[in-house]
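Undergrad: predicted model and sequence below, questions to follow.
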Amino acid sequence: MIKRWRHKVWNTNPTSASESFADKWWIKFWRCGAWASAKPSEFSQARPELEGLQSRVRDLEWDLAEATYLSSVFDVSLLRIRDELWTTKEEIVTREYVGSLHGGSAQGGSPPPDRAIGQPDPAVPDRDQAWVEVSRLTRELAVAQGSVNALTAERNSDQSDLAAITAERDRLQTQLTTASSKIAQFEHERDDALTS
């Protein structure tokens, strides 16, 4: 009897008026059973992939937050060093200008009358120390700028990766939702077929 019904499934128009109750029941059962047996496999394969992508998104969000924080810290440090460098250079220029007004040798002028020829200029050590400070701050500024550039590049890369992975996660989530909806629909039809 089952073989006869199965034969009719493949060779009879399902909308034919001559269908018996058993024929209709078998067609519905076969269609629902065949689909439902295939889709759970696709469903189970998509879920681990989605969970893996969600985990990667969380990791990248953490990396992005860390890179953004470190970048802001280095930005503040960079501004501080620039301010110190500017202040030190201004002090050097001011000292040399004041020295020139008083006839000092900072700008190549003659020494003041109260200092004997050949006597060392007392402002020279301070000026030399200031230039040493300028050199140190310049090196620190270059290091800080390099750190900011590296962190900015890392942050941009994380943002790009995050956007790509989020899009892939959303695509899989849509497929998963669609598959879940279809499974529920066909399970409902199967239950209706078994109880009609």
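TA: Looks like it came in fine.
Undergrad: what's the average pLDDT for the helix or strand that residue 190 is a member of?
TA: Secondary structure assigned from DSSP states H and E places residue 190 in helix 123-195. Helix 123-195 shows a mean pLDDT of 77.
Undergrad: packing partners for that helix?
TA: Taking 3 or more CB pairs under 8 Å, 6 or more residues apart in numbering; DSSP states H and E as contact, the helices and strands that helix 123-195 lies on are helix 21-101. The way it works is simple: take the backbone N, C-alpha and C, and place the C-beta from them, glycine included.
Undergrad: quick check: mean pLDDT of the helix it packs on?
TA: On average, helix 21-101 scores 68.
Undergrad: any idea how far residue 159 is from the closest residue to residue 138 other than its chain neighbours?
TA: In this structure, residue 138 finds its nearest non-sequential neighbour in residue 85, 6.5 Å apart by CB to CB, 6 or more residues apart in numbering. Remark: distance between residue 85 and residue 159 (CB to CB, to the nearest Å) = 31 Å.
Undergrad: compare the two (neighbour count), which wins?
TA: Between residue 85 and residue 159, residue 85 has the larger neighbour count (other CB atoms under 10 Å), namely 17 against 14.
Undergrad: tell me who's in contact with the more buried one.
TA: 134, 137-138, 141 (CB atoms under 8 Å, 6 or more residues apart in numbering).
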